[in-house]
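A.B. asks: this one's sequence-less:
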């Protein structure tokens with residue numbers, strides 16, 4: 001996979017793309033990453049932004065440098081992505097889909113935003129959540145790191161990736177390690193039983209319970225069997241009863 005990043009701050013990526021799974025992906029030549037300075041495509045280095053037409057605060061990235069840079073980079077199989085608050089929310093399903101692309105061109109916005117005409121050359125607008133960060137560099141790093149983890153050989157334990165949160169639409173089960181007991185808090189005995197079938201079932205139930213408690217919005221879209229759907233309804237009733245009891249007390 002080839003990834004081109006268009007940014008006003010290429011130094012942001014100098015160290016970050018050489019850590020963890022990203023470093024492995026690059027070293028194994030599974031991912032080729034190149035960072036482009038948007039100023040190199042402006043008539044003058046400082047002419048990359050200007051005041052917005054119609055008034056208002058902030059500065060807007062000009063269309064010309066972005067168009068020039070994209071024209072230089074794009075090919076028949078390129079997918080052009082702009083990071084924007086208006087974009088589609090990034091999730092694991094979308095990460096998987098994008099990991100199958102041959103070439104991504106990532107445009108990192110800055111300041112107040114990007115000239116609307118840039119949307120004409122963009123295939124997909126992406127957001128990493130309903131909050132504002134200083135620019136598109138952080139979302140770009142989030143995306144390429146998430147993709148790198150899916151590439152074969154970048155994570156030591158393949159099973160670790162396949163059982164991550166969101167892989168099946170659910171949060172991960174609770175995790176424990178040594179010591180067995182700490183400040184009176186013990187590891188659930190089932191995890192020490194050696195019975196892999198029972199442990200697997202326990203983890204599955206815990207994933208469903210944790211998702212229902214912490215991210216109930218995910219439950220309806222999760223990959224659940226009919227039996228697990230019934231479990232969800234049972235847990236909902238139980239949690240509702242517990243909530244009612246706590247209010248009375």
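C.D. replies: Sure, I can see it. Note that the structure is predicted; figures quoted are calculated from it, not measured.

A.B. asks: going forward, measure contacts and count neighbours with C-alpha atoms only.
C.D. replies: Will do.

A.B. asks: what are the ranges of the helices in this structure?
C.D. replies: Shown for the chain, the helices assigned by DSSP state H span residues 11-16, 20-27, 63-73, 92-98, 137-148, 158-162, 196-214, 226-248.

A.B. asks: report the buried residues of the longest one.
C.D. replies: Neighbour-count burial for helix 226-248 flags 229, 231-232, 235-236 (criterion: 16 or more other CA atoms under 10 Å).

A.B. asks: got JSON lines for these, with pLDDT and distance to residue 123 too?
C.D. replies: Putting these into JSON lines (pLDDT from 0 to 100; distance: CA to CA, whole Å) gives the following:
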{"residue": "229", "pLDDT": "95", "distance to residue 123": "37"}
{"residue": "231", "pLDDT": "94", "distance to residue 123": "41"}
{"residue": "232", "pLDDT": "95", "distance to residue 123": "38"}
{"residue": "235", "pLDDT": "93", "distance to residue 123": "42"}
{"residue": "236", "pLDDT": "91", "distance to residue 123": "40"}
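
A.B. asks: possible to save these as a markdown table with distance to residue 216?
C.D. replies: Compiled in a markdown table, the buried residues of helix 226-248 are given as follows (distance: CA to CA, whole Å):
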| residue | distance to residue 216 |
| --- | --- |
| 229 | 13 |
| 231 | 14 |
| 232 | 10 |
| 235 | 12 |
| 236 | 10 |
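
A.B. asks: ok, residue 59 touching residue 49?
C.D. replies: Yes - counting by CA atoms under 8 Å, residue 49 is a contact partner of residue 59 at 6.1 Å.

A.B. asks: and these two? Which one has more around it.
C.D. replies: Neighbours around residue 59 and residue 49, counted as other CA atoms under 10 Å, are more numerous at residue 49. The numbers are 22 against 17.

A.B. asks: where does residue 122 fall, phi/psi-wise?
C.D. replies: Main-chain dihedrals, residue 122, degrees, to the nearest 10: phi -100, psi 140.

A.B. asks: what residues are up against it?
C.D. replies: With CA atoms under 8 Å, 6 or more residues apart in numbering as the criterion, the residues that contact residue 122 are 79-82.

A.B. asks: out of those residues, who's the most crowded?
C.D. replies: Most neighbours among those, by other CA under 10 Å: residue 82, with 26 neighbours.

A.B. asks: which stretches of the chain have low pLDDT?
C.D. replies: Within the chain, the stretches falling below the threshold (pLDDT under 70) are 156-165, 249.

A.B. asks: per-domain residue ranges of it.
C.D. replies: Using automatic domain parsing, the domain ranges for the chain come out as 2-148, 181-248.

A.B. asks: one step back: now render the helices of the chain as a markdown table, adding distance to residue 117.
C.D. replies: Shown next, in a markdown table, are these (distance: least, CA to CA, whole Å):
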| stretch | distance to residue 117 |
| --- | --- |
| helix 11-16 | 26 |
| helix 20-27 | 32 |
| helix 63-73 | 7 |
| helix 92-98 | 24 |
| helix 137-148 | 21 |
| helix 158-162 | 39 |
| helix 196-214 | 40 |
| helix 226-248 | 46 |
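
A.B. asks: please tell me how far residue 141 sits from residue 111.
C.D. replies: 18 Å (CA to CA, to the nearest Å).

A.B. asks: what angle separates the longest strand along the chain from helix 137-148?
C.D. replies: Taking residue count as the measure and DSSP state E as the definition, the longest strand of the chain comes out as strand 78-89. In this structure, strand 78-89 runs at an angle of 110 degrees to helix 137-148, with axes from the mean of the first three to the mean of the last three CA atoms, to 10 degrees as the basis.
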